[in-house]
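Chemist: I'll drop the sequence and a predicted model, then ask my questions.
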Amino acid sequence: MSDIQDNSRQDNNWEQAVDRSVDDHFDEIREVRRYLHQHPEPSGAEVETTQYLAGRLQQIGVKVQFGPGNRGLIVDGPAFTTPKVGLRADIDALRIQDQKQTSYCSQVDGLMHACGHDAHSATVYGAILALLDVEKSGLVDSIPWRVLFQPAEETNEGARQLVEAGAVDGLQALFSLHMDPSRKVGTIGIRTGDFTADCNELEIEVLGRGAHAARPHEACDPIAAVAQLISSIFLFVPRSTDSQEPVVVSFGQINAGQNPNVIPDRVLVRGTLRTLREEVSKNTISHLERLARGVAEASGTSIHVRHHGGPPAVYNDPYLTEILTASATAILGRQNVNEIPKPSMGGEDFANYLCKVKGAMFRLGCANGDSPAPPLHSPLFDIDENALAIGAKILARSVIQWCRNN
């Protein structure tokens with residue numbers, strides 16, 4: 001047998017070792033996911049979740065560093081070199097009542113892991129186990145990895161807090177994933193470049209003059225002004241933006257008044273703005289302000305438009321996306337690694353890391369069978385737990401492959 005064939009066989013050994021490790025530890029990986037699912041904590045309060053994960057990691061001999069406020073973890077591998085490649089998981093839950101009838105449903109009233117963060121954490125935990133096992137086997141050289149278990153993803157705070165704590169200092173690459181109930185288990189979605197939207201929260205305050213509902217001429221009606229403004233936004237914002245640039249403005253809250261027969265003096269409207277480019281977001285906000293000034297002058301009200309930056313857009317680095325694609329293809333077959341044709345207009349605070357380090361994430365299919373699965377943020381959301389092993393293998397293989405290439 002030639003040296004090339006010998007090397008090829010040796011090269012494949014570490015990949016097989018990764019898969020074997022994940023399969024051997026599957027019960028433990030699933031146990032982590034189910035515990036977290038039963039014990040959810042909301043954004044900003046993930047202290048017990050952090051302690052639980054720290055305890056599990058310390059049991060397998062991994063040192064952990066707690067994030068600000070003892071929420072979240074920065075975990076480095078045993079390599080003596082500075083960590084260069086990382087994995088990220090999020091750990092916070094949502095204020096949603098779990099309506100599933102399972103043995104592992106949430107035990108906390110009004111809280112559940114409806115976005116898959118419990119599964120993200122368990123998947124990354126499985127990748128850690130595989131990386132440790134493969135390093136001990138001697139099949140690969142020392143791997144300079146770091147793992148981030150991040151709090152407060154849903155509020156766009158956790159990633160920024162860990163960045164400020166030095167979590168990505170020295171890192172050159174960062175991988176992550178997101179559960180996708182629109183895809184069957186055994187498949188993934190991948191995309192190079194634009195992956196999610198640049199997001200802003202909007203708040204519009206309209207101040208008028210209240211009056212009796214029978215005498216609207218005595219009022220400067222803020223409800224009428226808001227109705228006109230929202231209609232103007234939906235009509236004119238699309239007409240002022242390049243048709244090839246997606247812009248989504250949605251309003252989810254309108255608060256005004258206490259009585260049906262009283263015109264209030266104040267209305268507060270909240271919503272979101274989503275684009276794929278920061279420049280487009282800025283231009284759209286300027287247009288909203290112009291529309292507000294026009295409606296205010298016409299209605300005699302005072303209108304204030306405020307915006308709060310959410311996560312920027314996730315941009316998947318081409319080289320790192322190629323590594324994820326190759327790892328997934330080796331495990332699942334090319335036919336099950338699907339190109340995502342368009343970016344999502346949802347937000348993802350993984351983007352806050354990408355201001356400092358190149359990264360890439362993929363969508364991991366977690367639907368059981370061909371039946372439609374409850375979507376993310378649904379009180380019935382659940383996963384096919386076989387996805388945990390698939391995600392762990394892809395992530396661990398990608399970390400090792402990056403190290404072998406760099």
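Modeler: Great, that's in hand. Residues are numbered from 1 along each chain as shown.

Chemist: tell me, what residue is most central in this structure?
Modeler: In the chain, the C-alpha nearest the mean C-alpha coordinate belongs to E348, at 3.9 Å (CA atoms, centre = their mean).

Chemist: quick check, that residue in contact with P311.
Modeler: Yes - between E348 and P311 a contact is recorded at 6.0 Å, counting by CB atoms under 8 Å. C-beta here means a position set from N, CA and C on the backbone, and glycine is covered the same way.

Chemist: which residues do the two both contact?
Modeler: T196 (CB atoms under 8 Å, 6 or more residues apart in numbering).

Chemist: what about the helices in this structure?
Modeler: 3-24, 26-38, 47-59, 117-137, 158-164, 222-236, 278-299, 318-332, 351-354, 386-405 (DSSP state H).

Chemist: any chance of these in TSV, plus mean pLDDT and distance to S371?
Modeler: Shown next, in TSV, are these (pLDDT from 0 to 100; distance: least, CB to CB, whole Å):
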stretch	mean pLDDT	distance to S371
helix 3-24	74	26
helix 26-38	98	21
helix 47-59	98	31
helix 117-137	97	19
helix 158-164	97	33
helix 222-236	98	35
helix 278-299	97	38
helix 318-332	98	21
helix 351-354	98	32
helix 386-405	98	16
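
Chemist: which of those helices sits closest to D92?
Modeler: helix 117-137 (6.0 Å; CB to CB).

Chemist: who are the packing partners of that closest one?
Modeler: With contacts taken as 3 or more CB pairs under 8 Å, 6 or more residues apart in numbering; DSSP states H and E, helix 117-137 sits against helix 3-24, helix 26-38, helix 47-59, strand 85-90, strand 145-150, strand 173-184, helix 386-405.

Chemist: to L132, which of those lies closest?
Modeler: helix 3-24 (8.2 Å).

Chemist: output the helices of the chain in JSON lines, with mean neighbour count and distance to V249 appended to each entry.
Modeler: Shown next, in JSON lines, are the helices of the chain (neighbours: other CB atoms under 10 Å; distance: least, CB to CB, whole Å):
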{"stretch": "helix 3-24", "mean neighbour count": "15", "distance to V249": "43"}
{"stretch": "helix 26-38", "mean neighbour count": "19", "distance to V249": "34"}
{"stretch": "helix 47-59", "mean neighbour count": "17", "distance to V249": "34"}
{"stretch": "helix 117-137", "mean neighbour count": "25", "distance to V249": "27"}
{"stretch": "helix 158-164", "mean neighbour count": "20", "distance to V249": "24"}
{"stretch": "helix 222-236", "mean neighbour count": "18", "distance to V249": "6"}
{"stretch": "helix 278-299", "mean neighbour count": "17", "distance to V249": "7"}
{"stretch": "helix 318-332", "mean neighbour count": "19", "distance to V249": "30"}
{"stretch": "helix 351-354", "mean neighbour count": "23", "distance to V249": "20"}
{"stretch": "helix 386-405", "mean neighbour count": "24", "distance to V249": "34"}
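
Chemist: and the ones you listed: which comes nearest Q150?
Modeler: Nearest to Q150, of all the helices of the chain, is helix 158-164, at 4.5 Å by CB to CB.

Chemist: report pLDDT for I383.
Modeler: On pLDDT, I383 comes in at 98.

Chemist: tell me which residues touch it, please.
Modeler: Counted by CB under 8 Å, 6+ apart, I383 has contacts G116, A119, M179, P181, V185, C366, N368.

Chemist: change it to 6 Å
Modeler: A119, M179, C366 (CB atoms under 6 Å, 6 or more residues apart in numbering).

Chemist: and for T272?
Modeler: Taking CB under 6 Å, 6+ apart as the criterion, T272 is in contact with E201, S250.

Chemist: look up how far E278 lies from it.
Modeler: Distance of T272 to E278, given as CB to CB, to the nearest Å: 15 Å.

Chemist: what about the residue lying closest to the residue nearest to the centre of the chain once chain neighbours are set aside, how many residues nearby?
Modeler: For E348, ignoring the flanking residues on the chain, the nearest one in space by CB to CB, 6 or more residues apart in numbering is T196 at 4.4 Å. By other CB atoms under 10 Å, the residues close to T196 number 25.

Chemist: for E201, same thing?
Modeler: Neighbour number of E201 under other CB under 10 Å is 15.

Chemist: beta partners of it?
Modeler: Beta-bridge partners for E201, by DSSP bridges, are T272, H308.

Chemist: thinking again about what came up before, so which of the helices and strands packed on helix 117-137 is nearest E201?
Modeler: Proximity to E201 (CB to CB) singles out strand 85-90 among these, at 19.2 Å.

Chemist: neighbouring strands - and their directions - for that closest one?
Modeler: Assessed with DSSP bridges, strand 85-90 is paired to strand 145-150 (parallel), strand 173-184 (parallel).
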